[in-house]
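Engineer: Model the structure of this input:
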Amino acid sequence: MAIAELTARNRTDKLIATEEVSARTDLVLGQEPVVLRVPELIEGGVPLGSPSSLQLRATGTAAVSLQASRGRYDDPSLSQLFPTMKDVPAQFGVNPKDNPPTYLVDGKVETFGGPSKAVESKIAVRDGGMLKPVILGYEPQLTAVEAERATAAAVKAFDGGDGAWPRATPETRIAAVAKFADLLEATTERVATLLMWEIGKSYPDAKKEVSRSVEYIRATLDEYRALLRESTATLVGPNGAKPTHFARDLRQPRGVVLCVGPYNYPVNEFLTTVVPALLMGNVVIGKTPRFGGLASQALLDALNQSFPAGVISVLPGNGRTIIPAVMKGVEKNSQGKVLGPAVNVLAFIGSAGAADAVIREHPMQAALEKVLGLGAKNAAVVLPGADVDAVAKKIVKGALGFNGQRCTAEKIVFVPRAEAARYAAQIALGVAALKVGMPWEDGVAITPLPEDDKAKAMQAMIEDAVDKGAKVMNPKGGTSYHSVMRPAVLFPVTSDMRIAVEEQFGPIIPIVPYDDIAEIGRWHKETGFGQQAAIFGEPRAAVAVASMLASRVARINVNDNCQRGPDNLRFTVKAGGSGFGTLSLREALTVFSQVGTVVSQDPKTLDIVAPPTTAAT
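Structural biologist: Sure thing, here's the model as predicted:
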């Protein structure tokens, strides 16, 4: 037998081996001391007792007694929230055989013959005294070979702008995108179910993500038609004198676009870049996110049926392998001379560090067009005299939607010092009332987290704040078991705490008392975050604060939560740390295109350049 040492976070009682365990991530339930007989060397296994996390590593050749420590954030009672397999509603059953390791390259949905990874849900199920993972399907572990195939297919399909897709009529592109929207709509239940199991999103919100994507696509088609109508306009110069020249803009695709989507909205955010890029005549290589990949794989048939070969490829697997292989690609002429980079545009949603690493792989970084959605720590700013109950309710909703895993969530709350304690208490009451449970349960608000160490990372930020004087205001705030974590309301938060300056992207609401409204402006200047803010208070005073923040914050919501929609409004940032570029229905079309201008002294010539089309009527 191998000697194993189990080091546990958040536990103090002694463990004595009495049962055999395998290297699978089975979790032992209950509060009694638990045993583990280690029959062989187990590397990377994570057998769990009542603590929320244990690490197993081999240290010798004999069975041992194990010591671990329990801390304030471990709550074994949460284990009872997890269902048995019989408790799972029949409509949400998932068969892993229905989700094989597939990918889309050059007009073919293929089942990968190489290594694949079992996709395990963080919604584990109780089986006797064990909590066991549910296997949902398989993600192909593609290699650089498949990535290079996709890149070559994309370069061929674009053909320097002379390919069939970039040269296609607006009617052809509109028909293809409309077909995809219809096919996506028909898969709503399947995709929503996968989203629920993969990322823990409540089933109503998962369905909403798919239906909102369909609505977005159809709204984008309407915006594209409007853009076509406007493209027939004639520009006249010079102004104020007899015209000497007439011009018309021709909007053309940029080339090959690499779209990398996020795990929190793996369908919607992915398609908000893929669809406008395709509609403008670009070709797209899509990289699925770390979580939510099976939901993305469920779109492959619909994409393949809607678009020509090579126009759209979708690559699941390890981003550290796939993305560099795509980004390093180059376009060559028939003699083998390098003409330029294969990828012309990067659409990326993720961390700033990851974006920098991706960009560094590009052979001509200066020429790379970028659309980046990076970190955000949107502030909720409460003004003196605001309605405490109404504002607290909005803050709880805005901060903890999808467990706070939204870039548009309010991630820090500034309140007047004289009213701060009252706000903290009211927000804590609102959080305590939230239902914690499984994503299919009616009225559930807090659901399992998809990332392995998310609770641990959140608890480290809570611990830092508590050590520096903050208190957890809601009962059992921050406690967790396996993938479920109760939200934490922290108060009073000060500038020396990590939670005051770092994006948590999780279920923590930090509340900062302020004395002078100028402190909020200084906070934005010091942190560099500039996506959105929400100002709550008397409208005239709120607009004054909005004006103060407008140079640093892209969107300021007055008496409303931070949010992406409506989609015709700009979704952008001011500070470089939060991203680069702008997306809205119109600007998503323009960012994935470029303008060439045809100029003539004879205005009739322009009617030849851009004849009216049925799509423009």
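Engineer: Which neighbouring elements make contact with the helix ranked longest in the chain?
Structural biologist: Within the chain, and with DSSP state H defining each element, the longest helix by residue count is helix 203-230. Judged by 3 or more Cβ pairs under 8 Å, 6 or more residues apart in numbering; DSSP states H and E, helix 203-230 is in contact with helix 170-186, helix 188-199, helix 268-279, helix 585-591. Where C-beta positions appear, they are placed from N, C-alpha and C, glycine not excepted.
Engineer: Can I get those in CSV including distance to Ala247 and mean neighbour count?
Structural biologist: Formatted as CSV, the helices and strands packed on helix 203-230 follow (distance: least, Cβ to Cβ, whole Å; neighbours: other Cβ atoms under 10 Å):
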stretch, distance to Ala247, mean neighbour count
helix 170-186, 20, 17
helix 188-199, 45, 24
helix 268-279, 24, 26
helix 585-591, 18, 21
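Engineer: just to revisit the earlier point, orientation of the longest helix of the chain relative to helix 268-279 in degrees?
Structural biologist: Computed with axes from the mean of the first three to the mean of the last three Cα atoms, to 10 degrees, the direction of helix 203-230 lies at 20 degrees from that of helix 268-279.
Engineer: buried stuff in helix 203-230?
Structural biologist: For helix 203-230, the neighbour count (16 or more other Cβ atoms under 10 Å) marks 203, 205-210, 212-214, 216-217, 220-221, 223-225, 227-228 as buried.
Engineer: Can you tell me, leaving aside adjacent residues, what's nearest to Phe348?
Structural biologist: In space, and not counting its chain neighbours, Phe348 is closest to Val260: 4.7 Å by Cβ to Cβ, 6 or more residues apart in numbering.
Engineer: count of residues packed around that neighbour?
Structural biologist: Other residues near Val260 come to 26 when the count uses other Cβ atoms under 10 Å.
Engineer: wait, doesn't it sit right on Ile323?
Structural biologist: Yes: with the criterion set as Cβ atoms under 8 Å, Val260 and Ile323 qualify as a contacting pair; they are 6.8 Å apart.
Engineer: Next, show the common contact partners of these two.
Structural biologist: Common neighbours of Val260 and Ile323 (criterion: Cβ atoms under 8 Å, 6 or more residues apart in numbering): Lys287, Val358.
Engineer: domains in this protein, as residue ranges please.
Structural biologist: Using automatic domain parsing, the domain parsing of the chain gives 1-71, 96-124+134-373, 378-572.
Engineer: what's the offset of the longest one from the middle of its chain?
Structural biologist: On the basis of Cα atoms, centre = their mean, to the nearest Å, domain 96-124+134-373 is displaced by 15 Å from the centre of the chain it belongs to.
Engineer: tell me the mean pLDDT over that domain?
Structural biologist: Averaging pLDDT along domain 96-124+134-373 yields 94.
Engineer: And the shortest one, by the same measure?
Structural biologist: Confidence over domain 1-71 (mean pLDDT, whole number) is 34.
Engineer: Which is the succeeding secondary structure element to the host helix or strand of Glu463?
Structural biologist: Under DSSP states H and E, the secondary-structure element containing Glu463 is helix 454-467. Using DSSP H and E, the next helix or strand after helix 454-467 towards the C-terminus is strand 471-472.
Engineer: The residue lying closest to Leu271 once chain neighbours are set aside and Pro170, how far apart?
Structural biologist: The shortest distance from Leu271 to any non-neighbouring residue, by Cβ to Cβ, 6+ apart, is to Ser213 (5.0 Å). Spatial separation of Ser213 from Pro170 under the definition Cβ to Cβ, to the nearest Å is 22 Å.
Engineer: go on, Asp452?
Structural biologist: With distances taken as Cβ to Cβ, Asp452 is found 46 Å from Pro170.
Engineer: is it true that Pro513 touches Ser495?
Structural biologist: No: look at Pro513 against Ser495 with Cβ under 8 Å: they stay out of range, at 11.4 Å.
Engineer: who has more neighbours, the two?
Structural biologist: Between Pro513 and Ser495, counted using other Cβ under 10 Å, the more crowded position is Pro513 (20 against 12).
Engineer: before we move on, back to that, contacting residues for the residue nearest to Phe348?
Structural biologist: Val260 makes contact with Gly286, Lys287, Pro289, Gly319, Ile323, Leu346, Ala347, Phe348, Ile349, Gly350, Val358, according to Cβ under 8 Å, 6+ apart.
Engineer: Pairing-wise in the sheet, spell out the partners of it.
Structural biologist: Per DSSP bridges, the residues bridged to Val260 are Lys287, Phe348.
Engineer: what's the spacing between it and Leu346?
Structural biologist: Counting by Cβ to Cβ, the gap between Val260 and Leu346 amounts to 8 Å.
Engineer: cool, and Ala544?
Structural biologist: Here Ala544 is placed at a distance of 38 Å from Leu346 (Cβ to Cβ).
Engineer: likewise Ala153?
Structural biologist: From Ala153 over to Leu346 (counting by Cβ to Cβ), the distance is 18 Å.
Engineer: Between the two, which has more neighbouring residues?
Structural biologist: Comparing Ala153 with Leu346 by other Cβ under 10 Å, the one with more neighbours is Leu346, at 26 against 22.
Engineer: got the contact list for Gly596?
Structural biologist: Contact criterion Cβ under 8 Å, 6+ apart gives Asp249, Leu250, Gln252 as the residues in contact with Gly596.
Engineer: buried residues in the helix or strand that the first one is a member of?
Structural biologist: Counting by DSSP H and E, the element that carries Asp249 is strand 245-253. Neighbour-count burial for strand 245-253, counted by 16+ other Cβ under 10 Å, picks out Phe246, Ala247, Arg248, Asp249, Arg251, Pro253.
Engineer: Same question for stretch 590-603.
Structural biologist: Neighbour-count burial for stretch 590-603 flags Val591, Phe592, Ser593 (criterion: 16+ other Cβ under 10 Å).
Engineer: model confidence over that stretch, on average?
Structural biologist: Stretch 590-603 comes out with an average pLDDT of 89.
Engineer: Straight-line length of it, end to end?
Structural biologist: With Cα to Cα, to the nearest Å as the measure, the first residue of stretch 590-603 is 25 Å from its last.
Engineer: which residues sit against the one helix or strand Gln426 maps to?
Structural biologist: Here Gln426, judged by DSSP H and E, is contained in helix 417-432. When contacts are taken as Cβ under 8 Å, 6+ apart, the neighbours of helix 417-432 outside the stretch itself are 382, 384, 388-389, 391-393, 395-396, 400, 413, 415, 473-475, 477, 487, 489, 491-492, 509, 511, 513-515.
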